[in-house]
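Asker: Model the following, please.
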Amino acid sequence: MKKPASAVPAKKRSFMEFMKRREGQRGLVIVLFMAIPLLLLAVFTYIPFLKMVQFSFFDMKYIGDRTFVGLQNYIDVFKRDDIFGALFVSVYYMGGAVVQLALALFFASLMVFKVKGDAFFKGAMFFPYLICGIAVGFIFKFFYARGFVLDSLLQLLGMEMEDIPMWLQDQRINNISLAATSVWRYTGQNMILFLGAMMSVDSDLYEAASLDGANKWHQFRYIILPSIKSIVVLNLILSISGSLSAFEPPYVITNGTMGTGTYFVIMNRLAHENQKVGLACAMAIVLLAIIILCTVAQKLFFKYVFDDGTADESKAAVRRRKMEEKAAKKAAKSGAMAQSSVSGKGGQK
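Answerer: Okay, here's the model as predicted:
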């Protein structure tokens with residue numbers, strides 16, 4: 001009887017032998033292509049962010065000694081009126097973001113139905129987004145200046161100079177005027193995003209809806225809007241986040257004076273003019289936390305309130321069906337109880 005052959009232990013490959021194989025060469029290519037982007041990302045993003053978190057716990061300038069103050073900078077962010085009050089200025093820009101999204105959705109809905117001159121109109125609407133933000137600030141600085149473009153146009157329409165408000169000096173309307181510059185600049189960009197999403201909708205749906213007697217409003221409400229809800233949510237999140245970090249219009253046009261200083265303008269002033277680097281870093285961390293909270297809140301709101309447009313049965317239909325089933329069960333239970341009551345009385349007779 002032959003003895004079973006003993007198993008030969010597998011020979012371990014060396015590193016050079018592994019690199020000569022296809023798997024090793026593929027891994028090397030992946031590592032080399034990822035090394036430089038990851039290095040740049042770490043050097044210019046993650047390491048500066050960690051240093052900013054570190055600086056937020058110190059009372060420091062760009063040059064000089066540092067004093068560890070713990071959470072005092074974060075406490076000052078919420079106690080100082082010039083810092084915490086600047087967050088309320090962002091409300092004007094949030095309102096402007098809602099207006100610009102509504103206008104972009106309206107214009108995109110017009111363009112998707114093939115109107116005359118749509119190519120020129122799309123180019124004219126998108127052009128302001130291509131202009132540098134600093135240049136936009138200077139354009140509107142002279143547009144709103146007393147006696148200049150806007151005042152001259154209103155005078156041509158019959159208004160007296162005494163009846164025209166001070167667009168940049170009057171604190172009741174100056175933030176609205178500045179928010180309008182963002183509406184002018186970003187409406188075209190949002191319109192193009194909406195239009196791209198709308199054009200991906202099957203055109204046969206419009207034809208079928210038209211044959212069924214649906215007008216343009218019905219097509220927008222029941223075909224277009226459910227199909228682009230994901231883009232609407234994305235644009236709203238980006239617009240609200242951008243409103244919290246508005247900088248160029250108030251900085252260039254008014255330099256943050258007369259109650260127009262946004263959170264970024266105040267942070268820039270504290271960091272570069274007053275040399276309060278630690279406090280400015282704490283402001284940046286607080287702003288990041290606020291943006292994350294707003295983003296999560298918006299996602300949850302749209303998830304549980306509005307349909308996502310992808311399910312076979314909408315959430316509203318599911319809720320309606322469950323309510324109808326519950327009412328039917330309740331009615332059946334009541335009917336069974338009434339029937340048993342009648343039967344009991346008949347037996348007693």
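Asker: From the structure, what's the count of residues near residue 50?
Answerer: 11 (other CB atoms under 10 Å). (Each C-beta comes from the backbone N, C-alpha and C, glycine too.)
Asker: how much space between it and residue 63?
Answerer: For residue 50, the distance to residue 63 equals 21 Å [CB to CB, to the nearest Å].
Asker: got it, and residue 254?
Answerer: 30 Å.
Asker: for residue 265, same thing?
Answerer: On the measure of CB to CB, residue 265 and residue 63 end up 24 Å apart.
Asker: Ok, residue 159 next?
Answerer: Distance, residue 159 to residue 63, by CB to CB: 53 Å.
Asker: which one of these two has more residues nearby?
Answerer: Using other CB under 10 Å as the criterion, residue 159 and residue 63 rank with residue 159 on top: 12 against 7.
Asker: Surely that one is within a helix?
Answerer: No: under the criterion used here (DSSP: H, G, I helix; E, B strand; the rest coil), residue 159 is coil, not part of a helix.
Asker: Quick one: residues contacting it.
Answerer: By CB atoms under 8 Å, 6 or more residues apart in numbering, no residues touch residue 159.
Asker: And the pLDDT at it?
Answerer: With respect to pLDDT, residue 159 has a value of 87.
Asker: What are the phi and psi values at it?
Answerer: Backbone torsions for residue 159, taken as degrees, to the nearest 10, come to phi -80, psi 150.
Asker: Can you list the low-confidence ranges for the stretch 1-150 of the chain?
Answerer: Along the stretch 1-150 of the chain, segments meeting pLDDT under 70 span 1-13, 15, 18.
Asker: let's see it at 90
Answerer: Counting by pLDDT under 90, the stretch 1-150 of the chain contains low-confidence ranges at 1-37, 60-67, 69-70, 76-91, 94, 107-125, 132-134, 145-150.
Asker: so residue 116, which of the three states?
Answerer: Following three-state DSSP, we place residue 116 in the coil state.
Asker: what about it, how many neighbours?
Answerer: Neighbours of residue 116 (other CB under 10 Å): 7.
Asker: same thing with the one 3 residues further on?
Answerer: Neighbouring residues of residue 119 were enumerated by other CB under 10 Å; the total is 9.
Asker: Next: residue 239.
Answerer: The number of residues near residue 239, taken as other CB under 10 Å, comes to 20.
Asker: Could you find the closest non-adjacent residue to it?
Answerer: Closest residue to residue 239 apart from its sequence neighbours, by CB to CB, 6 or more residues apart in numbering: residue 97 at 3.6 Å.
Asker: and the host helix or strand of the one you found, how far from the chain's centre?
Answerer: Per DSSP states H and E, residue 97 falls inside helix 81-112. Relative to its chain's centre, helix 81-112 lies at 11 Å (CA atoms, centre = their mean, to the nearest Å).
Asker: Against which helices or strands is it packed?
Answerer: Identification of packing neighbours for helix 81-112 by 3 or more CB pairs under 8 Å, 6 or more residues apart in numbering; DSSP states H and E yields helix 72-79, helix 118-130, helix 174-199, helix 229-244, helix 263-268.
Asker: can you list contacts of the helix or strand just after the third one?
Answerer: Think helix 174-199. For helix 174-199, the succeeding helix or strand toward the C-terminus, using DSSP H and E, is helix 203-211. With CB under 8 Å, 6+ apart as the test, helix 203-211 has contacts from 218, 219, 222, 223.
Asker: Can you show me the helices along the stretch 201-349 of the chain?
Answerer: Using DSSP state H, counting those that start in this stretch, the helices of the stretch 201-349 of the chain run over 203-211, 216-219, 225-227, 229-244, 248-249, 263-268, 277-305, 315-348.
Asker: And those helices: which comes nearest residue 30?
Answerer: Checking the helices of the stretch 201-349 of the chain against residue 30 by CB to CB gives helix 229-244 as the closest, at 30.3 Å.
Asker: Check which residues of the closest one are buried.
Answerer: Residues 229, 231-233, 235-244 are the ones in helix 229-244 that count as buried (16 or more other CB atoms under 10 Å).
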